[in-house]
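Q: Sharing a model that was predicted from the sequence below.
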Amino acid sequence: MTNCLLMKESPMIIALNKEKTVYDGFVTVLEKDLRIRIALPPDYQMKQAKLHCCWQMKRLLHGYQHIVKQRLQHSTNLMCFILELRTVLEMAMKNRPGCQSFSPPHYYSQLITEMEILGWDKLLFVDAEFSTLKLKAEDSAGRQHAIKIKLKSKSTLAHVHSQFLLNVEALSEFWMVLDEIDEQTWVLEPEKATKADSMRRIAIGNNVSIKVQIDPRHPKMLPECCLLGAEHVVTPLRNKLNGNMHLWNPDCSVLQNLKDVLEIEFPSPTTHEKSNFSVECGICYSYRLESAIPDQVCNDPRCGQPFHQVCLYEWLRGLPTSRQSFSIVFGECPYCSKPITVKVITRNP
């Protein structure tokens, strides 16, 4: 009679032996199927029964073990215990919303099948709920990439991975341009570039650099350029840049074009030390101030002292002889007392 009632209440739990002492199957709680196995002693006393839970149920019942043990001790038969267990599981699910994300068994078997097709060597990470994966991919140039996938899409992992590789290959020329710059010049900013960084500030000489912004869609076209340094050094370079723009050749690399247009050779990591270009600010005596490096320079050729913009701005603001006109602050260089200017720094309210 108890068996018939159990099958009616929990049709997915069945006896595995003719003695009907071992039961296996699923308990359905709030539309979630959780695997369970119960082994009864020969006398069918629930006090001596052994309960085996799937990892999802174990995680869900964390903190409720004493209640489950109590229900097991006081239940008169297996059907009563299953009903009690359902109540505890439902209470645990409602109290811990994060545990409601368990998927049915076919979800996990499908996921394993897809990973076998794609290749387990491409799996970098999977979370405890098997809902977020991180896969690795290698482009034709041997660069390593990673993609994070939230498993809600109807696409297969193999399809998502192949589409990711197509997008990666579309950026191959962009990364090739940046790789050449990183390998053959002294890059001042960013200090630790990522694949998402399209800007490079390249050293030209002591206190002189050029900032280039590469377009990922058209990496070999003339980038946005900004020369930084003392005006007496920057002006001739700016004139060459403006006068030689017509020489830009999209069939050549960006680095080679910059050399041709500016008519210079960039300092190479094989022939120059980076310390030659990492000059400290003349006010705070440090090279890097948070994320900024010195980008203001005294224009007197005999001085050429570099400063962080914020340091120079605060210094000039504190001088009784300084003045401001529109967005420019005028004052004197802390080292040579020659005229020096800096743009007003606007701060967010």
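A: Received it, and whenever you're ready, just let me know what you need.
Q: tell me how far stretch 186-204 is from the chain's mean position?
A: Taking CA atoms, centre = their mean, to the nearest Å, one finds the center of stretch 186-204 at 18 Å from the center of the full chain.
Q: If we go by neighbour counts, what in that stretch is buried?
A: Judged by neighbour count using 16 or more other CB atoms under 10 Å, the buried positions of stretch 186-204 are 186, 187, 188, 189, 198, 199, 200, 201, 202, 203, 204. For the C-beta atoms, the positions are set from N, CA and C on the backbone; glycine is no exception.
Q: What of stretch 253-272?
A: Buried, per 16+ other CB under 10 Å, within stretch 253-272: 253, 254, 255, 257, 258, 261, 262, 266, 267.
Q: Among these, name the ones in helices.
A: 254, 255, 257, 258, 261, 262 (DSSP state H).
Q: Touching, the first one and residue 219? I think so.
A: This points to residue 254. Yes: applying CB atoms under 8 Å as the test, residue 254 and residue 219 come out as touching, 7.1 Å apart.
Q: Can you work out which residues contact both of the two?
A: residue 177 (CB atoms under 8 Å, 6 or more residues apart in numbering).
Q: Mean pLDDT per element in the protein, and the minimum belongs to which helix or strand?
A: Of all helical and strand segments in the chain, the minimum by mean pLDDT, DSSP states H and E falls on helix 2-9, at a mean of 58.
Q: what's the next secondary structure element after that one?
A: strand 13-15 (DSSP states H and E).
Q: Partner strands of that following strand, with direction?
A: Each strand paired with strand 13-15, and its direction, by DSSP bridges: strand 22-29 (antiparallel).
Q: buried ones in the strand it pairs with?
A: 23, 25, 26, 27, 28, 29.
Q: How about stretch 152-170?
A: Residues of stretch 152-170 classed as buried: 157, 160, 161, 164, 165, 168 (neighbour count, 16+ other CB under 10 Å).
Q: With stretch 66-79 instead?
A: Result for stretch 66-79 [16+ other CB under 10 Å]: buried residues 67, 68, 71, 72, 75, 77, 78, 79.
Q: which residues touch the strand or helix carrying the fourth one?
A: Yep, that's residue 72 we're talking about. Using DSSP H and E, residue 72 falls within helix 65-74. Residues outside helix 65-74 that contact it (CB under 8 Å, 6+ apart): 46, 47, 49, 51, 61, 81, 84, 85, 88.
Q: Same check on stretch 246-256?
A: Residues outside stretch 246-256 that contact it (CB under 8 Å, 6+ apart): 177, 180-181, 184-185, 212, 214, 219-223, 257, 260-261, 266.
Q: what do you get for stretch 132-150?
A: Applying CB under 8 Å, 6+ apart, the contact partners of stretch 132-150 are 118, 122-127, 131, 151, 157, 160-161, 164-165, 168-169, 172, 175-176, 195.
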